[in-house]
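*Asks:* next input, structure requested:
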Amino acid sequence: MALEHLTKSSFQEKVFNWEKNKDWTYEGSVPCMIDFYADWCSPCKMVAPILEELQQEYGDKLVIYKVDTEAERELAGIFGIQSIPSLLFVPMDGQPQMAMGALPKETFKKAIADVLKVEAPVV
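*Replies:* Numbering: from 1, shown residues only. Modelled structure (predicted):
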């Protein structure tokens, strides 16, 4: 299952509409992670298959989106993306948290549990 790529309009619809809300308001129905990446970035390429595995393992408990920072410069600017990959963890309640760099799968799982409050599936 390929991860969904967000544009400015789909981001506003599914994650956060900064033009409508001054304060952070998450629009989704399950927690999400957003991978800010670029095609030329090799660490991003290392993270991509891990994120696809995580999406399959967690199923409908969370959604993982991708944002191409080259194509979506405004989104990258709004979130102050300086280095890629950068991953935004968006819980149902509370503020999102950013993690930088190509993290190992276990680190993602820990952040999914700690920040998103989603338990790892029992395999």
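*Asks:* quick check: residue 99 vs residue 90, distance?
*Replies:* Distance, residue 99 to residue 90, using Cβ to Cβ, to the nearest Å: 12 Å. All C-beta atoms are positioned from the backbone trio N, CA, C, and that covers glycine.
*Asks:* the more surrounded of those two?
*Replies:* Neighbour totals were compared for residue 99 and residue 90, and residue 90 leads with 24 against 15 (other Cβ atoms under 10 Å).
*Asks:* quick check: closest non-adjacent residue to that one.
*Replies:* Closest residue to residue 90 apart from its sequence neighbours, by Cβ to Cβ, 6 or more residues apart in numbering: residue 96 at 4.4 Å.
*Asks:* what is the burial count for that neighbour?
*Replies:* Here the number of neighbours of residue 96 (other Cβ under 10 Å) works out to 19.
*Asks:* I'd guessed it sits against residue 88; true?
*Replies:* Yes - using Cβ atoms under 8 Å, residue 96 is in contact with residue 88, at 5.2 Å.
*Asks:* am I right that residue 33 sits in a helix?
*Replies:* No - applying DSSP: H, G, I helix; E, B strand; the rest coil, one finds residue 33 to be strand, outside a helix.
*Asks:* give me every residue that touches it.
*Replies:* 51, 54, 62-65, 87-90, 108, 112, 116 (Cβ atoms under 8 Å, 6 or more residues apart in numbering).
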